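S.K.: The amino acid sequence is not available; the structure is as follows:
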């Protein structure tokens with residue numbers, strides 16, 4: 001173990017900021033496409049799939065079926081994390097990331113070509129679920145690989161700064177996906193949007209894939225992994241090893257990541273549904289709120305990375321989680337207000353506060369595992385968080401419906417997620433790999 005730590009410290013000491021920036025931007029492009037594809041499904045689950053693929057006289061039941069499909073893809077993520085995590089720890093980070101980005105892009109485009117329930121009956125939701133599961137498998141290996149290759153291509157003392165950059169893929173993906181739907185609602189009537197307009201953002205995944213492939217093909221392999229290969233210290237059975245030696249680390253990592261993913265789904269997917277279907281707002285207002293919140297999230301993520309570099313990533317998770325808990329009730333009161341400006345402000349406030357822990361989560365997760373099992377360990381932790389997060393909109397829909405469509409259960413969920421992640425920030429430094437110059 002000590003030899004591996006010395007190897008990692010030595011490999012990263014040679015890296016310049018220019019090289020680190022190049023890799024971080026290359027990873028960012030891939031994660032932006034990943035989140036574009038995934039959030040596209042999130043927005044469609046709230047606005048389209050409940051009408052086009054799940055026919056039910058009860059609007060709440062149809063919405064819950066749609067959100068359940070959203071969640072099913074996230075159940076597949078830990079399996080994808082195992083498959084691609086093991087691949088990344090055995091054959092390399094770069095090769096694995098090429099495979100995951102191709103899978104994500106092709107499947108998203110195929111969703112845009114899928115006939116509706118009215119056209120082919122029950123086969124439509126079945127095929128939608130199967131495509132969603134396949135998408136979840138590939139996404140399961142994408143984020144963890146991108147984060148691993150970035151931190152291993154960054155100087156130890158500045159890992160938190162560079163680890164925050166792939167996280168910007170989340171708001172960029174939101175802007176592109178919500179923006180795509182927003183433009184479609186402006187260009188087409190509701191009937192035309194329901195008929196074919198919603199498909200255009202999904203089909204855009206095909207040309208985006210070509211761009212992502214070009215940029216990602218120019219990434220260098222992690223020098224840490226290259227040194228492990230040269231020294232013959234790569235892990236032969238990374239899944240078994242990480243489950244045996246690091247299962248507690250997986251739980252802590254999952255908790256550290258939960259707010260950034262689950263809280264975001266609550267404030268975007270569920271709040272979009274709640275605003276449109278329960279409060280009667282225009283879908284364009286809710287999509288605009290999501291886009292503006294995502295724009296604000298970008299500088300927050302950059303600031304969160306700098307704060308994590310200076311004070312330690314775990315402290316950003318602790319105080320960011322507390323801040324998010326404090327902002328939860330005011331955020332939902334603003335969304336409930338009925339005033340367009342205040343509705344958007346509520347969404348922005350909720351997303352901005354939970355984005356501080358999200359900015360630092362990649363640094364904390366990669367710090368929990370040694371290099372020889374890092375891809376697998378981070379994949380397990382992040383994807384279990386993602387799997388649980390996928391059911392947050394479904395649970396929020398059910399809880400709110402049982403409370404007479406009142407907002408308070410959703411706000412309580414956001415408070416819980418925020419404090420749960422803050423506790424993980426307290427525990428993580430004691431369980432992390434001790435690397436010189438790396439501030440946990």
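M.R.: Yep, it's here. The shown structure was predicted, so the numbers you read here are calculated from the model rather than taken from an experiment. Numbering: from 1, shown residues only.
S.K.: From residue 118, how far out is residue 26?
M.R.: Applying Cβ to Cβ, to the nearest Å, the value for residue 26 to residue 118 is 42 Å. Backbone N, C-alpha and C define where each C-beta goes, glycine included.
S.K.: So for the two, which residue has more residues nearby?
M.R.: residue 26 (23 against 11; other Cβ atoms under 10 Å).
S.K.: Need the nearest residue in space to that one, chain neighbours excluded.
M.R.: Using Cβ to Cβ, 6 or more residues apart in numbering and skipping the chain neighbours, the partner closest in space to residue 26 is residue 219 (4.4 Å).
S.K.: next one: phi and psi at the one you found?
M.R.: phi -70, psi 150 (degrees, to the nearest 10).
S.K.: burial count for it?
M.R.: Around residue 219 there are 22 residues (other Cβ under 10 Å).
S.K.: so where is this protein shaky, pLDDT-wise?
M.R.: Scanning the chain for pLDDT under 70 picks out 1-15, 46, 50, 54-67, 70-71, 437-439.
S.K.: tell me the centre residue of it?
M.R.: What sits nearest the mean C-alpha location of the chain, by Cα atoms, centre = their mean, is residue 261, with 5.3 Å.
S.K.: which residues touch it?
M.R.: Taking Cβ atoms under 8 Å, 6 or more residues apart in numbering, we find residue 261 in contact with 358, 382, 385, 386, 389.
S.K.: Pick out the most distant pair among those residues.
M.R.: Farthest-apart pair in the contacts of residue 261 is 358 and 386; separation 12.5 Å (Cβ to Cβ).
S.K.: all strands for the stretch 101-250 of the chain, in order.
M.R.: Taking DSSP state E, counting those that start in this stretch, the stretch 101-250 of the chain contains no strands at all.
S.K.: my guess is residue 406 contacts residue 400, does it?
M.R.: Yes: between residue 406 and residue 400 there is a contact under Cβ atoms under 8 Å: 6.7 Å.
S.K.: So for these two, which sits in the more crowded spot?
M.R.: For residue 406 and residue 400, the more surrounded residue by other Cβ under 10 Å is residue 400, and the numbers stand at 22 against 15.
S.K.: Which residues are in contact with that one?
M.R.: 274, 278, 406, 407, 409, 410.
S.K.: Name only those of those residues that count as buried.
M.R.: Neighbour-count burial (16 or more other Cβ atoms under 10 Å) is assigned, among the contacts of residue 400, to 274, 278, 407, 409, 410.
S.K.: excluding its backbone neighbours, what's nearest the residue nearest to the centre of the chain?
M.R.: residue 389 (4.2 Å).
S.K.: and what of residue 384?
M.R.: With sequence-adjacent residues excluded and distances taken as Cβ to Cβ, 6+ apart, residue 384 is closest to residue 254, at 4.5 Å.
S.K.: packing partners for the helix or strand that contains that neighbour?
M.R.: For residue 254, the host element (DSSP states H and E) is helix 247-258. With contacts defined as 3 or more Cβ pairs under 8 Å, 6 or more residues apart in numbering; DSSP states H and E, helix 247-258 has these neighbours: helix 340-367, helix 374-390, helix 408-431.
S.K.: Any chance of those helices in a markdown table with distance to residue 301 as columns?
M.R.: Putting those into a markdown table (distance: least, Cβ to Cβ, whole Å) gives the following:
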| stretch | distance to residue 301 |
| --- | --- |
| helix 340-367 | 4 |
| helix 374-390 | 16 |
| helix 408-431 | 16 |
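S.K.: looking at these, which is closest to residue 134?
M.R.: helix 374-390 (14.9 Å).
S.K.: tell me the angle the closest one makes with helix 408-431.
M.R.: 160 degrees (axes from the mean of the first three to the mean of the last three Cα atoms, to 10 degrees).
S.K.: show me what contacts residue 334?
M.R.: Here residue 334 is in contact with 342, 343, 345, 346, 349 (Cβ under 8 Å, 6+ apart).
S.K.: Looking at the residues you listed, which one is closest to residue 325?
M.R.: Distances from residue 325 to the contacts of residue 334, taken by Cβ to Cβ, are shortest for residue 349, at 12.6 Å.
S.K.: tally of neighbours for that closest one?
M.R.: So residue 349, with other Cβ under 10 Å, has 21 neighbours.
S.K.: Now name the helix or strand holding the closest residue to it other than its chain neighbours.
M.R.: Once flanking residues are discounted, residue 349 sits nearest to residue 331: 4.8 Å by Cβ to Cβ, 6+ apart. Here residue 331 sits within helix 313-336, counting by DSSP H and E.
S.K.: Report the angle between that helix and helix 408-431.
M.R.: 170 degrees.
S.K.: how many neighbours does residue 17 have?
M.R.: 12.
S.K.: Let me fix that, I meant to ask about residue 202.
M.R.: Counted with other Cβ under 10 Å, residue 202 comes out at 22.
S.K.: right, and residue 433 touches residue 367 too?
M.R.: Yes: contact criterion Cβ under 8 Å: residue 433 and residue 367 qualify, at 5.9 Å.
S.K.: Compare the two (neighbour count), which wins?
M.R.: Per other Cβ under 10 Å, whichever of residue 433 and residue 367 has more neighbours is residue 367, with 27 against 18.
S.K.: Now the more buried one: closest residue in space, sequence neighbours ignored.
M.R.: Using Cβ to Cβ, 6+ apart, the closest residue to residue 367 is residue 432 (4.3 Å).
S.K.: longest helix anywhere in the protein?
M.R.: Among the segments of the chain that qualify as a helix by DSSP state H, the longest is helix 17-47.
S.K.: what's the angle between that helix and helix 374-390?
M.R.: 30 degrees.
S.K.: How far does helix 17-47 sit from its chain's centre?
M.R.: 9 Å (Cα atoms, centre = their mean, to the nearest Å).
S.K.: Can you give me the neighbour number for the closest residue to residue 53 other than its chain neighbours?
M.R.: Once flanking residues are discounted, residue 53 sits nearest to residue 125: 4.7 Å by Cβ to Cβ, 6+ apart. Neighbours of residue 125 under the rule other Cβ under 10 Å: 21.
S.K.: What distance do you get for residue 125 to residue 117?
M.R.: Distance from residue 125 to residue 117, by Cβ to Cβ: 6 Å.
S.K.: and what of residue 172?
M.R.: From residue 172 to residue 117 the distance is 32 Å (Cβ to Cβ).
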